[in-house]
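> Structure, please.
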Amino acid sequence: MEYGAIDLHTKESEIRIVTADGRVGLHRRLATTRESLGSVFAGRPRLRILLESGTESEWVAQHLESLGHEVIVADPNYAPMYGQRTRRIKTDRRDVIALADANRLGIYRRAHRVSAAQRAVRRQLQVRDQLVRMRTQVINLMRGQLRSEGLRMRNGGTERFVARYQALDVPATLRAVLEPLVQALTALEPLIAAADAWAQQTARVDVVTRRLMTAPGVGPITALSFQSTLDTVTRFRGPGAVSAYLGVVPHEDSSGDRQRRGRITKAGPPRMRGVLVQASWAVWRSPRSSATLHAWVHRLADRRGKRIAIVALARRLARILFAMWRDGCDFLPARLGRAAVAA
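Numbering: from 1, shown residues only. Coordinates of the predicted model:
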């Protein structure tokens, strides 16, 4: 059997194919396109091909699998896969040689490949995020321009911002300058409304998402985000592994009797951490969401400060959501345990 490796890049990639005893059958650089990959791998006997996880890896893996090959998408953080590689002398050629040897010898750790269904959900959520960011940027710019003229907008929902702006007595010259921004907001609102409607409908028909939404502070966006980020609940050993994956556990430097903990690691997907923090603020503001968690986070804030308490609650919510998904049950306040009551 032959073994292939690809050091994958956006425009061009390095490819290497070796035999079971390490002899080089092919080594070349080519464009990262379906056509170029097909020119090398189509019609060949079945290969095991290794490539690193990255932005391009999934479509490349699917294309190579369609050509009849076994594809391994490997975790690039697994250091033994690179042998004696040193960052002082790092080239694509050296990388692909190391990957080919790792493939041949079985020295790699598979990365999780997200399912097609959850990749589609992620894309929808990313588009919605971008639309919301655009709206926020436009509103902030308009507020700044209005303040420079001594005008202030009344507080209220973002969806009513244009109506509140139209009610202001804005000088004609400034109104003319801001008109393109008003048009941009007017165009964005139905797009964001459609994205929110999609989230509501998707959450309504999915059993897991509906279950996650029974947790305090968790709506369709948070539930869909959590589900699409983890993809499958069975790939995590427990709640601690999930909170570590999401980067909401503290740095630790402990040895012997010394124990030091710092800020959270911020490893993993930053978007999911932001969503969990938003859910935590919802619990902070509303005791009706969960009286137990609301009281717990406020007591913690009295001792450690508001920001630390909110992050701690985000970590706790991640663990709760994982347990609900794993156990197939809705949120049960009685299962929060003594820690939520004592604190």
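
> Okay, now the unreliable bits of the chain?
85-89, 252-262, 337-343 (pLDDT under 70).

> need the strands for it, in chain order.
In the chain, the segments counted as strands under DSSP state E are 3-7, 12-18, 24-31, 48-52, 70-74, 250-252, 261-264.

> Would you map out the domains in the chain?
The chain resolves into domains spanning 3-105, 116-205, 209-342 when parsed by automatic domain parsing.

> Give me the most central residue, this structure.
Central residue of the chain (Cα atoms, centre = their mean): residue 269, 3.6 Å from the mean position.

> Residue 53 versus the closest residue in space to that one that isn't next to it in sequence, what's the distance?
Of all residues not flanking residue 269 in the chain, residue 229 sits nearest, at 5.6 Å (Cβ to Cβ, 6 or more residues apart in numbering). For every residue, glycine as well, the C-beta is placed using N, CA and C. Per Cβ to Cβ, to the nearest Å, residue 229 is found 15 Å from residue 53.

> residues contacting the nearest residue to residue 70 once chain neighbours are set aside?
Spatial nearest neighbour of residue 70, chain neighbours left out: residue 48 (4.6 Å); criterion: Cβ to Cβ, 6+ apart. Shown in contact with residue 48 (Cβ atoms under 8 Å, 6 or more residues apart in numbering): 1, 3, 4, 69, 70, 71, 72, 103.

> The first one and residue 228: what is the separation?
Put plainly, it is residue 1. 36 Å.

> out of these two, which sits in the busier spot?
Per other Cβ atoms under 10 Å, whichever of residue 1 and residue 228 has more neighbours is residue 228, with 23 against 10.

> residues contacting the more buried one?
By Cβ under 8 Å, 6+ apart, the neighbours of residue 228 are 114, 118, 119, 121, 122, 125.

> run the last query once more with 6 Å
118, 121, 122 (Cβ atoms under 6 Å, 6 or more residues apart in numbering).

> same question, residue 32
Contacts for residue 32 (Cβ under 6 Å, 6+ apart) come out as residue 13.
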